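J.: need coordinates for the following:
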Amino acid sequence: MKKRIVFLLVILIASGSFAWCLNQGEYPPLLDTLQIEMQRTLNRLDDDLGKLSRKISGNDLRSFFTRKLLYKFCQDHSLIVAAGTLDKYGNIITLEPGLYKKYQGEASGYFEKRYSFQKPHKPFLTKAFNTVSSYFVVTLIHPIHDSDHNWIGSVGIVFKPDSFFTALVKPVIQGLPVDAWVLETDGTQIYDPNPEEISRNIFTDPLYSSYDELRKLTKEIVKEKSGVGSYQFLDSAFNKVVKKKAYWTTIGLHGTKWRVVLTRIELGNQNAYRREFPDLISGKYYHDLRTLSRSNDLHAAIFTRRKRNVIKFLEKFYKSHPGIYSIQWIDPFGINRYGFPAERSLKNYDFSDFRFKGDKEILKAVIDRKEISFQRDLYEGKTGKYYMTPVFARDEYLGMLYFIKLLP
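T.: Predicted coordinates for the structure are as follows:
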């Protein structure tokens, strides 16, 4: 366990992520999880590509042996699109898998041609660019040498940042009330949950011209390795303007830096959810939660799986108990189905996956079927106190109801 902790700290320090120096009660550990997984995947690709370049060195870039190595590399790394070799002028010599062989012999369509004049003898991670096939891609390149150690060309891999980061981000934040996006230091978005925003530059694209807060914050994001801020922009459905809290950190390779941004929607005055209220201390809110757990109408909504009806009960409780952060329901199998408000609630989140610290404690409460209250960090940042009570319809166990109060 100690070795693992040291390993994670080394990754964080090496990648320049010092965002943990922010307000500890506010910064979401979830962002560290994302950063570690992304950087570890990039490092693994880089190490493996370095090994591949050494295997190819001393061999003909067009040989069957080289092509076989490229094909195997693609098979072993599902997140990349293609792998190939280039001559010293950036022309494609070989390209695998076979679907892309038609680009062989051309000046780089999949590989950024400028690389050969910038860092010909060093590994190089390009900026994202559009290929001749209108793909938005990034390439990672390592040099190749002949048997006399003379530089003869390079080996490179291609990946689409949208699918690459989707594969890494989705398993981490799925079901949580957050979003994540990745930004180049010139303001270009290389990953966003909304595909329409990918490849757009926040500083120059007309889509963002009316959102001065976002552009101002983006200037800070590209300037600083880590930080926190707020801005206004459209929600995920592009239906309305919402206030968002943003936390960011940095990943990258060979001098190319990407900012990883985690966001959550802010609702109303955040300080209102931290305040102390005597009726909560006296147990009134907890008493009311128990009363709701015994509601036959709530039981009927859960039994019939009428999500809208269940949420109506949660919404009514939330609005009649000012100061709570959210109220949610976990089914008997440990899956957090939904809550209110949706922007602060988990959706189909399975606590038995133990994705984050504290999940085991919540699952134990569900299994024990006993009333409990405890304190833990929220996935989206801040610290909350949880008040949980079981839901029984006669002898039938229907899971747990709980509400959260933010702590100062």
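
J.: need the residue closest to the centroid of this structure.
T.: Val169 (3.5 Å; Cα atoms, centre = their mean).

J.: now do the contacts for the nearest residue to Tyr211 once chain neighbours are set aside.
T.: Distances taken as Cβ to Cβ, 6 or more residues apart in numbering put Phe233 closest to Tyr211, at 5.4 Å, once the chain neighbours are dropped. C-beta here means a position set from N, CA and C on the backbone, and glycine is covered the same way. For Phe233, the contact set (Cβ atoms under 8 Å, 6 or more residues apart in numbering) comprises 208, 211, 213-214, 241-242, 244.

J.: what's the residue nearest to the residue nearest to the centre of the chain when sequence neighbours are not counted in contact with, if anything?
T.: In space, and not counting its chain neighbours, Val169 is closest to Ala180: 5.0 Å by Cβ to Cβ, 6+ apart. The contact partners of Ala180, by Cβ under 8 Å, 6+ apart, come to 34, 169, 173, 191, 193, 260-263.

J.: same thing with Leu140?
T.: By Cβ under 8 Å, 6+ apart, the residues touching Leu140 are 45-46, 49, 123-126, 156-157, 159, 253.

J.: where do the helices sit along the chain?
T.: For the chain, the helices defined by DSSP state H occupy 2-14, 29-56, 64-76, 115-118, 161-173, 212-223, 278-281, 284-293, 296-303, 307-320, 359-368.

J.: just send those back as a markdown table, with mean pLDDT and distance to Pro143 too.
T.: Putting these into a markdown table (pLDDT from 0 to 100; distance: least, Cβ to Cβ, whole Å) gives the following:
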| stretch | mean pLDDT | distance to Pro143 |
| --- | --- | --- |
| helix 2-14 | 38 | 23 |
| helix 29-56 | 95 | 6 |
| helix 64-76 | 93 | 15 |
| helix 115-118 | 47 | 10 |
| helix 161-173 | 94 | 23 |
| helix 212-223 | 96 | 29 |
| helix 278-281 | 52 | 64 |
| helix 284-293 | 94 | 63 |
| helix 296-303 | 95 | 62 |
| helix 307-320 | 95 | 56 |
| helix 359-368 | 95 | 45 |
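
J.: any chance of those helices in CSV, with distance to Ile335 too?
T.: As requested, the helices of the chain are exported to CSV (distance: least, Cβ to Cβ, whole Å):
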stretch, distance to Ile335
helix 2-14, 28
helix 29-56, 19
helix 64-76, 34
helix 115-118, 47
helix 161-173, 16
helix 212-223, 35
helix 278-281, 27
helix 284-293, 18
helix 296-303, 13
helix 307-320, 13
helix 359-368, 9
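
J.: quick one: which of those helices is nearest Leu401?
T.: Checking the helices of the chain against Leu401 by Cβ to Cβ gives helix 284-293 as the closest, at 5.1 Å.

J.: which among the contacts of Phe233 count as buried?
T.: 208, 211, 214, 242, 244 (16 or more other Cβ atoms under 10 Å).

J.: hang on, the second one packs against Lys243?
T.: No: under the criterion of Cβ atoms under 8 Å, Tyr211 lies out of contact with Lys243, with a separation of 11.6 Å.

J.: now do the shared contacts for these two.
T.: By Cβ under 8 Å, 6+ apart, the residues touching both Tyr211 and Lys243 are 231-232.
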